[in-house]
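A.B. asks: quick one, what's the 3D model for this:
(one chain, ligands or ions: 2)
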Amino acid sequence: MECRFPEQSTMDCPLSDKSGSTFIDRCPAMFPNILYVMKHSVHLKSPSPAEAFAASDARLKNQAAFVRFTSVTKRYPGADGGELALDNLNLTFEAGGMMAIVGKSGSGKSTLLNLVTGVDYPTSGEIFIGETAVHHLDESESATWRRGSVGIVFQFFQLLPALTVLENVLLPMALLGREQARVRESRARALLEQVGIADQARKLPTALSGGQQQRCAIARALANDPLLLVADEPTGNLDSRTAEGVLALLRQQADTGKTVLLVTHEREIGRVADRVVTLVDGRVFADEPGARLHRTGGKIA
Ligand SMILES: Nc1ncnc2c1ncn2[C@@H]1O[C@H](COP(=O)(O)OP(=O)(O)OP(=O)(O)O)[C@@H](O)[C@H]1O
Ligand SMILES: [Mg+2]
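C.D. replies: Numbering: from 1, shown residues only. Ligands and ions are numbered 1, 2, ... in the order given. Below is the predicted model of the structure:
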């Protein structure tokens, strides 16, 4: 016997027996989408318009999410089962804006950045940046993708000491080889201008102050116009006034459409970031809007 109504769908019920008594009959709360069971058919509730809208809205939001961590676990090998650095982490960031990752030493911040940039691999789970499945890239694909899509800023700048400031900024462009040398040079000079150290272009990095070196590192990170800018403790080695200037520069990048992911110990980061995610033992402990989001009613200004 079969029963169909226009707004219902029907499917074979693997759980029913010949008498029509089913597991579903006995445990209805476990199957909220099932309207009723008749003999060998299960009749499913059609989603209400509100439920259907919520589902499609969630799908759209998911598409809009630029950075997506789904059930990401990272365990470093070692004695006693190794070190669990990220524990089933689920996290999404939309494109544009500045997200700060904070947490105590050892909470998994750098591990998260290493995975987002494809420098390291998760033990399990998925990481997408836009349409790119970063966890699936092999080492050489990852290096190529990173060169064109991600800019990285480090706590200790990591400028090449034998190259001038200008040459440090030129290097990622030369490696990518997208433009002619003349175009690359004018772009590198424009970037140095943007970060406020155009007059230092011919110096070696060791002749620069810490703040100037970090500005150079930011210019280098922007060289290939990446959508994602990642910074691990970029102010950790700077005095507080210089740190303010570097944070303002990163904020400026977020305001011009880049997605900035920033790991920091700066206690006041909520003032400049749009969102502050706190990690504890490799899990999200808190996920809060920064002061800018409070001021703009939830929208990134
Ligand atoms: N290469 C590695 N091998 C083994 N364990 C590691 C490795 N890198 C990190 N860990 C461990 O993973 C955990 C998370 O480390 P991670 O470097 O991500 O922390 P963090 O939040 O960046 O800390 P910090 O603020 O000190 O930089 C720590 O317990 C750390 O000891
Ligand atoms: Mg770290």
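A.B. asks: tell me which stretches of the stretch 1-150 of the chain form strands.
C.D. replies: 9-12, 34-38, 41-44, 65-76, 83-94, 97-102, 124-129, 132-133, 150-153 (DSSP state E, counting those that start in this stretch).
A.B. asks: could you dump the ones you listed into TSV with mean pLDDT and distance to ligand 1 added?
C.D. replies: In short, each C-beta sits where N, CA and C put it, glycine included. Converted to TSV, these look like this (pLDDT from 0 to 100; distance: least, CB to the nearest ligand atom, whole Å):
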stretch	mean pLDDT	distance to ligand 1
strand 9-12	42	46
strand 34-38	41	44
strand 41-44	43	44
strand 65-76	96	3
strand 83-94	96	3
strand 97-102	96	8
strand 124-129	97	15
strand 132-133	96	22
strand 150-153	97	14
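A.B. asks: can you put these in JSON lines and add mean neighbour count and distance to L115?
C.D. replies: Shown next, in JSON lines, are the strands of the stretch 1-150 of the chain (neighbours: other CB atoms under 10 Å; distance: least, CB to CB, whole Å):
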{"stretch": "strand 9-12", "mean neighbour count": "12", "distance to L115": "39"}
{"stretch": "strand 34-38", "mean neighbour count": "17", "distance to L115": "39"}
{"stretch": "strand 41-44", "mean neighbour count": "18", "distance to L115": "38"}
{"stretch": "strand 65-76", "mean neighbour count": "18", "distance to L115": "6"}
{"stretch": "strand 83-94", "mean neighbour count": "18", "distance to L115": "7"}
{"stretch": "strand 97-102", "mean neighbour count": "24", "distance to L115": "12"}
{"stretch": "strand 124-129", "mean neighbour count": "18", "distance to L115": "6"}
{"stretch": "strand 132-133", "mean neighbour count": "13", "distance to L115": "12"}
{"stretch": "strand 150-153", "mean neighbour count": "24", "distance to L115": "12"}
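A.B. asks: redo the ones you listed as JSON lines? Include distance to A286.
C.D. replies: Formatted as JSON lines, the strands of the stretch 1-150 of the chain follow (distance: least, CB to CB, whole Å):
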{"stretch": "strand 9-12", "distance to A286": "41"}
{"stretch": "strand 34-38", "distance to A286": "37"}
{"stretch": "strand 41-44", "distance to A286": "38"}
{"stretch": "strand 65-76", "distance to A286": "16"}
{"stretch": "strand 83-94", "distance to A286": "12"}
{"stretch": "strand 97-102", "distance to A286": "9"}
{"stretch": "strand 124-129", "distance to A286": "21"}
{"stretch": "strand 132-133", "distance to A286": "28"}
{"stretch": "strand 150-153", "distance to A286": "24"}
